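[1] below is the sequence, then the predicted model.
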Amino acid sequence: MSSIVECVPNISEGRDLAKINRIAGAVKSVPGVRLLDVDPNADYHRAVITYAGAPDACVEATFRLTAAAFAEIDMRTHQGGHPRSGAVDVAPFVPVREITMAQCAELARQYGRRVGNELGVPVYLYEAAAARPERQNLAKVRKGEYEALEAKLRLPEWTPDFGPTTFVAQSGCVITGARFFLVAYNVNLRTADLELTEDIALHVREMGWPMTDTSGQALLSATGKKVFIPGPLRQVKGMGVYLDNDRFCQVSMNLTNYLVTAPHTAFEQVAFEARGRGVEVSGSEVVGLIPLEALLLAAEYYVWREKLSRPKDERAAVALVQERLALSAFRAFDPDTKIIEYALHG
């Protein structure tokens, strides 16, 4: 059985479909790689591009995609609802079959070295590929986003892992690494109240919400940092987002380990917090692809909770989850293209 790696670059273009398709098309030029999904979001001004294949081929495909994105995207004019630091904001390598996390970390280094040397753009490593412990967390590496990058590059502690220390205004920087399968999962709310939605996000994510004193001021630690009360969902990052085009809000989450917090757990917790604030959940969506196992875990949960008969087969279990999580309420959820095992064999 041959090794398979998944790559999920997030590019800072979510509105110009012709441009997105040209960038994603660079992947198709590499033998041994299969383009699985292209998921643009106009409000985030961002697209998630998913493909999988042989390890070396995935490094080549990601490099070609990056070169194409640098030619098409100008960060000097970019504004969107999602944090970002560059035209190719983040490019993770994910082990799928017959390959270790350490080997995927080495693929990220190969890719990052080429981007730095051949394309002349600063590159940072994160998660399993991080060269320093303080760079493991993507949010910390991305802190300040594109607008803070020029000043950040002057600081010794933020010397890039590869490439120049000079600011490349058109492209920003690239953050690459190796990680477990991340599920990008959004829960939609029947409200346009962004402040309320952000409050819900704070009360479900692992980092939690700032502790305040009796006057409402944020409490600070001895080192001057905000003190947070942890939220209930482990291995979950979250924020509130208002969708301009669709005029509702969603709690946008990254589930960094679906075996610790599965999508159905995140959905139910957001629904609980929303009900407490008088708001209804209107559905949810998977951005990019999701492992079959994550959905089968959800099926087991709803069968147990509702004392249902067991689904007759795997497809019926997926259909049950699709209905309970209202995965098609906003954008259509096609199991054959959104579940990675089905997409790879389609």
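    Arrived safely.
[2] counting contacts, what elements does the worst-scoring helix or strand of the chain on mean pLDDT pack onto?
    Ranked by mean pLDDT, DSSP states H and E, the weakest helix or strand in the chain is helix 340-345, scoring a mean of 85. Applying 3 or more CB pairs under 8 Å, 6 or more residues apart in numbering; DSSP states H and E, we find helix 340-345 packed against strand 33-41, strand 46-53, helix 292-306, helix 335-338. For glycine as for every other residue, the C-beta is placed from the backbone atoms N, C-alpha and C.
[3] what residues does it touch?
    Helix 340-345 is contacted from outside by 4, 6, 34, 36-37, 50, 52, 96, 181, 289-292, 335-337, using CB atoms under 8 Å, 6 or more residues apart in numbering.
[4] which parts of it are buried?
    Applying a neighbour-count criterion of 16 or more other CB atoms under 10 Å, one finds Ile340, Tyr342, Ala343, Leu344 buried in helix 340-345.
[5] now stretch 277-285
    Val279, Val281, Ser282, Gly283, Ser284, Glu285.
[6] got a markdown table for the residues you listed, with secondary structure and pLDDT too?
    A markdown table is the format used below for these (DSSP: H, G, I helix; E, B strand; the rest coil; pLDDT from 0 to 100):
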| residue | secondary structure | pLDDT |
| --- | --- | --- |
| Val279 | coil | 97 |
| Val281 | strand | 97 |
| Ser282 | strand | 96 |
| Gly283 | strand | 97 |
| Ser284 | strand | 97 |
| Glu285 | strand | 96 |
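[7] how distant is the least confident helix or strand of the chain from the center of its chain?
    19 Å (CA atoms, centre = their mean, to the nearest Å).
[8] mind checking the SS state of the spatially most central residue of the chain?
    The centroid of the chain falls nearest to Ala184 when counting by CA atoms, centre = their mean (4.9 Å). Following DSSP: H, G, I helix; E, B strand; the rest coil, the label given to Ala184 is strand.
[9] do the same with Arg84
    For Arg84, the assignment made with three-state DSSP gives coil.
[10] hmm, it is touching Gly144, no?
    No. With contact defined as CB atoms under 8 Å, Arg84 and Gly144 do not form a contacting pair (11.2 Å).
[11] okay, strands next: where are they in the chain?
    4-7, 10-11, 33-41, 46-53, 88-97, 123-127, 174-178, 183-189, 209-210, 228-229, 236-243, 248-255, 281-287 (DSSP state E).
[12] buried residues of stretch 12-24, list them for me.
    Ser12, Glu13, Gly14, Arg15, Asp16, Lys19, Ile20, Ile23, Ala24.
[13] burial measure for Met207, as a count.
    15 (other CB atoms under 10 Å).
[14] now stretch 114-132 - C-alpha only, CSV.
    The C-alpha trace of stretch 114-132 is given here as CSV (Å, rounded to 0.1, in the frame of the first residue of the first chain):
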residue,chain,number,x,y,z
ARG,A,114,11.8,25.9,-1.7
VAL,A,115,9.3,28.7,-1.2
GLY,A,116,11.9,30.7,0.8
ASN,A,117,14.8,30.1,-1.6
GLU,A,118,13.1,30.1,-5.0
LEU,A,119,10.1,32.4,-4.5
GLY,A,120,11.8,34.8,-1.9
VAL,A,121,8.9,34.9,0.6
PRO,A,122,9.3,34.4,4.4
VAL,A,123,8.1,31.1,5.7
TYR,A,124,7.3,30.0,9.3
LEU,A,125,6.9,26.4,10.5
TYR,A,126,4.1,25.5,12.9
GLU,A,127,2.6,22.5,14.8
ALA,A,128,4.6,19.2,14.3
ALA,A,129,7.1,20.9,12.0
ALA,A,130,7.8,23.9,14.3
ALA,A,131,11.5,24.5,15.1
ARG,A,132,10.6,26.4,18.3
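[15] shift numbering so it begins at 779
    All set: I'll call the first residue 779, so the last point we hit is now stretch 892-910.
[16] may I see the buried residues of it?
    Judged by neighbour count (16+ other CB under 10 Å), stretch 892-910 contains these buried residues: 892-894, 897, 899-908.
[17] what of stretch 1060-1077?
    Residues of stretch 1060-1077 classed as buried by neighbour count (16+ other CB under 10 Å): 1060-1069, 1072-1077.
[18] Arg842: which of the residues you listed is nearest?
    In terms of CB to CB, no member of the buried residues of stretch 1060-1077 lies closer to Arg842 than Gly1066, at 19.7 Å.
[19] quick one: contacts for the closest one?
    By CB under 8 Å, 6+ apart, Gly1066 lies in contact with Val786, Asp815, Asp817, Val826, Thr828, Ala962.
[20] neighbour count winner among Arg862 and Gly922?
    Ranked by neighbour count (other CB under 10 Å), Arg862 and Gly922 place Arg862 first, with 24 against 13.
[21] tell me the contacts of that one?
    Asn788, Ser790, Arg824, His856, Arg920, Glu923, Tyr924, Gly950.
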